[in-house]
Structures are given as structure tokens and as C-alpha cells.
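A.B. asks: sharing a model prediction with you, sequence too.
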Amino acid sequence: MKTESQESISGANMARRSFLRYAGVGIAGAGLLATASCTKDHPIVTSNKGIDIGATGDLAILNYAYALEQLEAAFYTQVILTPYSGIPANELALLTAIRDHEILHREFFKAALGANAIPALTVDFSKIDFTSRAATLGAAKAFEDTGVTAYDGAGYLIGGAAYLTIAGQIVSVEARHAALISNLITPGSFAASDQVDANALNNSASIADVLKIANTYLKTKVSASNYSYVAA
């Protein structure tokens with residue numbers, strides 16, 4: 001059995017190998033990464049109270065997404081390291097695939113942000129009983145539903161078309177995860193009323209509301225108290 005460090009190294013290597021293929025980086029993609037990585041006037045505020053995503057602009061929103069992807073990648077890495085009791089082979093395979101997706105998402109944002117990225121976050125999953133299927137899948141549903149509502153709630157804040165395209169591609173995958181987890185918990189609940197409203201639109205949530213939930217599982221707290229939307 002792999003140790004946690006071996007699992008992390010394996011996942012990171014997989015992410016690096018697959019990064020360019022996943023992101024579809026051609027001329028436009030390379031420009032996207034260069035633009036983000038070369039921006040040096042984006043202040044990341046770090047204190048003993050935690051980390052702030054930044055004051056304004058797309059880089060702040062990318063760091064917001066990066067924080068959430070760090071959390072999800074860490075969660076699924078733990079799920080696979082310590083599978084719940086009696087986990088069927090098909091469920092282990094599905095959750096492993098989700099883990100790999102989340103690692104790729106995390107590594108994409110880390111590479112895109114470059115020197116502007118917030119630091120690696122320290123998670124706290126002490127409230128989750130990973131030996132229990134109900135507890136693990138319940139937490140997975142909370143993470144996935146929160147992630148989708150986060151992207152949907154912050155999409156209008158993204159000014160760059162390239163960033164918006166990538167965010168749309170990632171949230172599409174996150175929604176597939178959310179539907180799968182819901183269906184594992186309750187067959188047929190892939191688009192339940194707590195996920196999709198009466199107009200068949202996915203629910204959305206504000207940055208503040210999402211971070212309140214995320215910080216429940218983070219030792220390193222993340223805030224957006226300095227963020228102020230400025231139209232491009």
C-alpha cells in the first residue's frame with residue numbers, strides 16, 4: 001500500500017505529465033499562463049489569521065478557485081488513502097477518477113497563477129469519519145455542491161475571456177462529480193432540488209458564503225475581505 005507521501009508524489013507527477021494535455025495549452029493557453037505568471041502587482045495578504053485571496057481582478061478569483069481545488073484534491077486523496085469500510089471496487093474506481101481530476105484542477109491553477117498563487121493550504125478533516133461510507137459520501141457531496149455553486153457564483157467576476165473559458169470547462173467537470181456523488185448516495189438524485197432550481201439552473205453562492213463552508217475544513221483560513229470587484 002502506498003504511503004500518504006507516495007500517494008501525493010504519484011498524484012503530483014500524474015498532474016504534471018497530464019497538465020498541458022488537460023489544459024489544451026496551445027498558443028492561446030500559453031498566453032493565458034504567461035499573462036497570469038508575469039503579473040507582479042497582485043498582493044497576497046498572509047497573516048496569523050490566514051490568507052486573503054487579493055484585492056481585485058481575475059487573479060483574486062483564480063486564487064479563490066485554487067483554494068477550493070486544493071481542498072477537494074486533499075479530500076479525495078485522503079478518501080483513496082483510507083477507503084471506507086467495504087468499499088466496492090467500482091466506487092473506489094470512481095472516487096479515484098475524481099481524485100485525479102481534482103489534482104489536475106489544483107495543478108492547473110497553481111501553474112497558471114505562478115508567483116501570484118496563494119500558499120499551499122493545511123486542511124483539517126478531523127470532523128469526517130472516513131471509515132463510514134455515509135459520512136465520506138456526505139462530505140463529498142458537500143464539497144462538490146459547494147464547488148459548483150462557487151464557480152457559478154463567481155463567474156460574472158471573471159473579466160478575461162480565456163479565464164472564463166477555463167472556469168466553464170472546470171465547473172462542467174465539477175457538476176459531473178456532483179451528479180455522480182448524489183447518485184451514489186440516492187440513486188436517481190443526480191439533479192436534485194438542492195442542486196438545481198425550479199428554472200433548471202444550478203444554484204450559486206457568494207464568495208463569502210463558500211469560504212465560510214470551506215474554512216470549516218481548513219486550518220489555514222482563507223478570506224476575501226480585501227476583494228473588491230472592478231469591471232474590466
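C.D. replies: Yep, it's here.

A.B. asks: most centrally placed residue in this structure?
C.D. replies: residue 69 (2.2 Å; CA atoms, centre = their mean).

A.B. asks: confirm for me that that residue is in contact with residue 101.
C.D. replies: No: counting by CB atoms under 8 Å, residue 69 does not reach residue 101; the two are 9.7 Å apart. Heads up, the C-betas are built off the backbone N, CA and C, glycines and all.

A.B. asks: which stretches of the chain form strands?
C.D. replies: 45-47, 50-52, 222-223 (DSSP state E).

A.B. asks: can you flag the weakest of those by average pLDDT?
C.D. replies: Between the strands of the chain, the one with the least mean pLDDT is strand 45-47; it has a mean of 55.

A.B. asks: output the lowest mean pLDDT helix or strand found in the chain.
C.D. replies: helix 27-37 (a mean of 45; mean pLDDT, DSSP states H and E).

A.B. asks: which residues touch the residue of the chain most remote from its centre?
C.D. replies: Distance from the C-alpha centroid of the chain, by CA atoms, centre = their mean, peaks at residue 86 (27.3 Å). By CB atoms under 8 Å, 6 or more residues apart in numbering, the contact list for residue 86 reads residue 133.

A.B. asks: quick check on it: phi, psi?
C.D. replies: Backbone torsions of residue 86, given as degrees, to the nearest 10, read phi 70, psi 20.

A.B. asks: would you mind listing the buried residues in stretch 183-200?
C.D. replies: 184, 189-190, 192, 195 (16 or more other CB atoms under 10 Å).

A.B. asks: what does it contact?
C.D. replies: Under the contact criterion CB under 8 Å, 6+ apart, stretch 183-200 has outside partners 91, 94, 134, 137-138, 141, 145, 148, 178-180, 182, 202-203.

A.B. asks: let's have these in CSV, adding pLDDT, distance to residue 82 and neighbour count.
C.D. replies: As requested, the contacts of stretch 183-200 are arranged in CSV below (pLDDT from 0 to 100; distance: CB to CB, whole Å; neighbours: other CB atoms under 10 Å):
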residue, pLDDT, distance to residue 82, neighbour count
91, 97, 14, 16
94, 97, 17, 15
134, 98, 15, 10
137, 98, 14, 19
138, 97, 16, 15
141, 95, 18, 22
145, 94, 23, 23
148, 95, 25, 24
178, 94, 22, 25
179, 93, 25, 18
180, 95, 20, 18
182, 95, 23, 22
202, 80, 31, 17
203, 81, 31, 14
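
A.B. asks: and residue 217, how far from residue 136?
C.D. replies: Residue 217 sits at a distance of 13 Å from residue 136 (criterion: CB to CB, to the nearest Å).

A.B. asks: have a look at the two and say which one is more surrounded.
C.D. replies: residue 136 (25 against 20; other CB atoms under 10 Å).

A.B. asks: distance check, the spatially closest residue to that one that is not a sequence neighbour against residue 91.
C.D. replies: Spatially, and ignoring its direct neighbours in sequence, residue 136 is nearest to residue 84 (4.8 Å; CB to CB, 6 or more residues apart in numbering). To residue 91, residue 84 is 9 Å away according to CB to CB.

A.B. asks: check residue 108 too.
C.D. replies: 26 Å.

A.B. asks: circling back: got a list of what the residue nearest to the centre of the chain touches?
C.D. replies: 102, 105-106, 108-109.

A.B. asks: do that again at 7 Å, thanks
C.D. replies: Taking CB atoms under 7 Å, 6 or more residues apart in numbering, we find residue 69 in contact with 102, 105-106, 109.

A.B. asks: closest one to residue 78 out of those residues, please.
C.D. replies: residue 102 (11.5 Å; CB to CB).

A.B. asks: quick one: the closest residue in space to residue 227 that isn't next to it in sequence from residue 153, how far?
C.D. replies: Closest residue to residue 227 apart from its sequence neighbours, by CB to CB, 6+ apart: residue 60 at 5.3 Å. Separation of residue 60 from residue 153 (CB to CB): 14 Å.
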